[in-house]
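In: Got a predicted model here, sequence first, then my questions.
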Amino acid sequence: MTTTFFSTVRRSVLMAAVVGLAAISGVSGAQAQERRSPAIFGVVNTDRILQDSLAAKGVRLEREKFAQSYQTQIKDEEAKLRAEDQELSQQRSVMAPEVFQQRAAAFQTKLADFQNQVRDKQERLDFSFQQAMQEIGNTIISVSQEIAKQQGITAVAAHNQLLFFDPGMDITQPVLERLNQRLAAVKFQDPATLQAQQAQQGAPGAAGTPAAPAAAKAKAK
């Protein structure tokens, strides 16, 4: 019945935004053709930014704080369930069969409820993490556009989209520095209050984002 709560969170939502770096351009495609000037590319190491930026570090610390708290709660509840299971097994020989069946069924219901609670906590934490990282991803794109325009770059790509590139094309450092200035921290929503906050905003998916529980469960399927 051992439960590992701190699951690995996929960065699919964030990376979908970061992939947009490939489309960043200082001029439109039509304008580029009219000018007949070659594209000037820049490259951003998104992995480094997600590792070293102040905002991303803060988000990971918040996620770990909640995960550790949940892990403690889960271990305590597991211990209680394990003790109850052992007690039920020991008393089986002295119980009437129908009484044992009733208690066993009640225990299975309690165990299923516990597993659902663990799953819900995990999904909520994943959602909070993804929302915070999405904000960082959007800001990376915005900052990259600014740096590109300043340096006369007409297109920017994430480094992991390229087989190779000239190191002189790398604009990661100025992007990282401006990101730290622009977004030193990101609000990490308390996973336990996500549903209430969504309701207070008027409707699921307010501000273009899906309601936490529904989005998390849909993704799990």
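Out: That came through, no problem. Numbers count the residues shown, from 1 in each chain.

In: Please enumerate the helices of the protein.
Out: 12-18, 29-35, 46-52, 54-91, 97-150, 172-182, 194-200, 212-220 (DSSP state H).

In: can you tell me which of those helices comes nearest to residue 163?
Out: helix 46-52 (16.0 Å; C-beta to C-beta). C-beta coordinates here come from the backbone N, C-alpha and C atoms, glycine included.

In: Buried residues in that closest one, which are they?
Out: By 16 or more other C-beta atoms under 10 Å, the buried positions in helix 46-52 come out as 46, 49-50.

In: go on, stretch 113-125?
Out: 114, 118, 120-125.

In: before we move on, the earlier item: mind putting the buried residues of helix 46-52 into CSV with pLDDT?
Out: Converted to CSV, the buried residues of helix 46-52 look like this (pLDDT from 0 to 100):
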residue, pLDDT
46, 95
49, 96
50, 94
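
In: Name the residue closest to the centre of this structure, please.
Out: residue 130 (2.5 Å; C-alpha atoms, centre = their mean).

In: how close does that residue sit to residue 182?
Out: Using C-beta to C-beta, to the nearest Å, one gets 20 Å for the distance from residue 130 to residue 182.

In: what residues does stretch 186-193 touch?
Out: For stretch 186-193, the surrounding residues in contact (C-beta atoms under 8 Å, 6 or more residues apart in numbering) are 55, 58-59, 62-63, 66, 121, 124-125, 127-129, 131-132, 135-136, 197, 212.

In: ditto for stretch 89-102
Out: 88, 103.

In: so how far is that stretch from its chain's centroid?
Out: Distance, stretch centre to chain centre, for stretch 89-102: 45 Å (C-alpha atoms, centre = their mean, to the nearest Å).

In: buried stuff in that stretch?
Out: Those would be residue 100, for stretch 89-102 by 16+ other C-beta under 10 Å.

In: Ends of that stretch, what's the gap?
Out: End-to-end distance for stretch 89-102: 13 Å, by C-alpha to C-alpha, to the nearest Å.

In: follow-up on the earlier one: among the buried residues of helix 46-52, which one sits closest to residue 147?
Out: residue 49 (12.1 Å).

In: from what I can see that closest one touches residue 179, true?
Out: Yes - using C-beta atoms under 8 Å, residue 49 makes contact with residue 179 at a distance of 6.5 Å.

In: Buried members of the contacts of stretch 186-193 into PyMOL, please.
Out: Restricted to buried positions by 16+ other C-beta under 10 Å, the PyMOL selection for the contacts of stretch 186-193 reads:
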select buried, resi 55+58+59+62+63+66+121+124+125+127+128+129+131+132+135+136+212
